[in-house]
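> predicted model and sequence below, questions to follow.
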Amino acid sequence: MESSRKQRWQQLQSVFEPGFKQMLLVSILLHLLLPILYYAPFFPKREIEKPPVYRVNLVNKIVKNPQAGRPEAAPVTKKPEVKPKPKPKPKPKPKPVVKPIPIPPKPVPVKPEPKPKPEPEPKAVKEKPQPKPKPAVSKAQENTLQQRLDQLRAAQDKKASEQARKDRIAALKADALAESSNIESPVAEAPVGMADGKGDEAGVSAIAFVQEFIQQQWSFSKYQASGNPEAEVKLFYNAAGTLLHYKFLKQSGNSAFDESLTRAITKSKQLPQPLPQSMEFHIFFNLKDMLDKP
């Protein structure tokens with residue numbers, strides 16, 4: 001029996017090639033590593049850096065390359081030069097007044113009253129010739145007239161809508177000016193710019209302006225949310241400052257906070273001033289940052 005077992009084992013060993021055990025071990029290790037490599041994040045996602053939140057004076061101009069300065073500073077206005085008043089010239093001495101000698105008036109002759117003229121006899125009224133009836137207007141002329149009236153109405157509607165848009169922008173500018181008039185920079189006579197500005201233009205960055213404008217339209221009570229919700233939104237504005245579309249890339253998980261942001265973005269469909277060009281913004285709205293701002 002033992003000799004038969006040994007013979008079988010020798011036969012099995014002769015079947016296996018040399019190095020078979022090592023190949024089997026490598027195969028098992030590869031099968032274990034494949035799921036790990038598949039589910040492991042080989043290329044981790046690069047997180048977008050959150051820009052700092054600034055307090056922005058909305059009166060300041062939006063520029064492409066803002067200079068170093070403070071976004072909440074008010075633009076410096078040159079004081080008008082006060083010219084010295086000219087010295088008054090000496091008044092000339094008044095000349096002596098010579099009184100004229102009174103001349104007695106001549107007697108006015110009395111004219112006799114005119115006799116009343118006899119009333120003229122009434123003249124016979126001539127009958128006016130009746131106007132000839134105008135020819136009837138053809139259908140082609142009616143259609144042409146109707147088209148002309150439609151064009152005039154369309155032109156008037158377009159003019160009215162354009163005027164309404166201008167009035168709305170003017171009202172937004174006035175509101176922004178009123179809201180920003182209370183902002184005071186901690187540094188007296190600070191230049192208008194950004195804290196990280198490296199350009200040469202006096203003004204603020206577009207993303208800081210848009211974020212500040214949306215936050216001024218935002219209203220929310222801190223008692224409605226627990227913790228510190230944060231949402232990530234992508235917005236696209238054209239060069240005229242009109243919002244074309246927006247999308248929540250990441251919702252905060254708090255429905256009340258997300259709804260308040262949606263309302264604020266809807267109110268911010270038209271900026272109070274144009275942008276340097278059509279621009280896309282990637283903005284983080286954090287409850288703590290928004291409530292801490294004065």
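Alright, I've got the coordinates. Source: prediction; values computed, not measured. Numbering: from 1, shown residues only.

> what about Met279, neighbour count?
Neighbour count of Met279, defined by other Cβ atoms under 10 Å: 17. Where C-beta positions appear, they are placed from N, C-alpha and C, glycine not excepted.

> no wait, Gln211
24.

> same thing with the one 10 residues further on?
By the measure other Cβ under 10 Å, the count of residues near Ser221 is 9.

> torsion angles phi and psi at it?
In this entry, Ser221 is assigned phi and psi values of phi -100, psi 140 (degrees, to the nearest 10).

> could you check how far it is from Leu261?
14 Å (Cβ to Cβ, to the nearest Å).

> now do the same end-to-end measure for stretch 237-245.
8 Å (Cα to Cα, to the nearest Å).

> which outside residues touch that stretch?
210, 235-236, 265, 268-279, 281 (Cβ atoms under 8 Å, 6 or more residues apart in numbering).

> list the buried ones in stretch 269-279?
In terms of neighbour count (16 or more other Cβ atoms under 10 Å), stretch 269-279 has its buried residues at 270-273, 275, 279.

> give me the mean pLDDT for it.
On average, the pLDDT along stretch 269-279 is 94.

> try stretch 250-260
91.

> if we can go back for a sec, in helices, which of the contacts of stretch 237-245 fall?
Counted as lying in helices by DSSP state H, out of the contacts of stretch 237-245, are 210, 265.

> strands along this structure, start to end?
Per DSSP state E, the chain carries strands over the ranges 230-237, 243-250, 279-286.

> ok, which of those strands comes nearest Pro71?
strand 279-286 (15.2 Å; Cβ to Cβ).

> partner strands of that closest one, with direction?
Its sheet considered, strand 279-286 pairs with strand 230-237 (antiparallel) by DSSP bridges.

> where are the low-confidence patches of the stretch 1-150 of the chain?
Confidence mapping of the stretch 1-150 of the chain against pLDDT under 70 gives the ranges 1-3, 5-6, 8-22, 34-49, 51, 76-84, 94-102, 104-137.

> now do the contacts for Arg263.
217-219.

> tally of neighbours for Leu149?
10.

> longest single helix anywhere in this structure?
Per DSSP H, the chain has its longest helix at helix 139-180.

> who does it touch, helix- and strand-wise?
Judged by 3 or more Cβ pairs under 8 Å, 6 or more residues apart in numbering; DSSP states H and E, the packing partners of helix 139-180 are helix 206-216.

> which other residues reach stretch 226-234?
Against stretch 226-234 from outside (Cβ under 8 Å, 6+ apart): 246-254, 257-258, 261, 265, 280-288.

> what subset of the residues you listed is buried?
Using 16+ other Cβ under 10 Å as the burial test, the contacts of stretch 226-234 include 246, 252, 254, 257-258, 261, 265, 281, 283-287 as buried.

> determine which two of those residues are furthest apart.
Asn254 and Phe281 (22.1 Å).

> could you list the low-pLDDT ranges of the stretch 151-294 of the chain?
Checking the stretch 151-294 of the chain against pLDDT under 70 turns up 173-189, 293-294.
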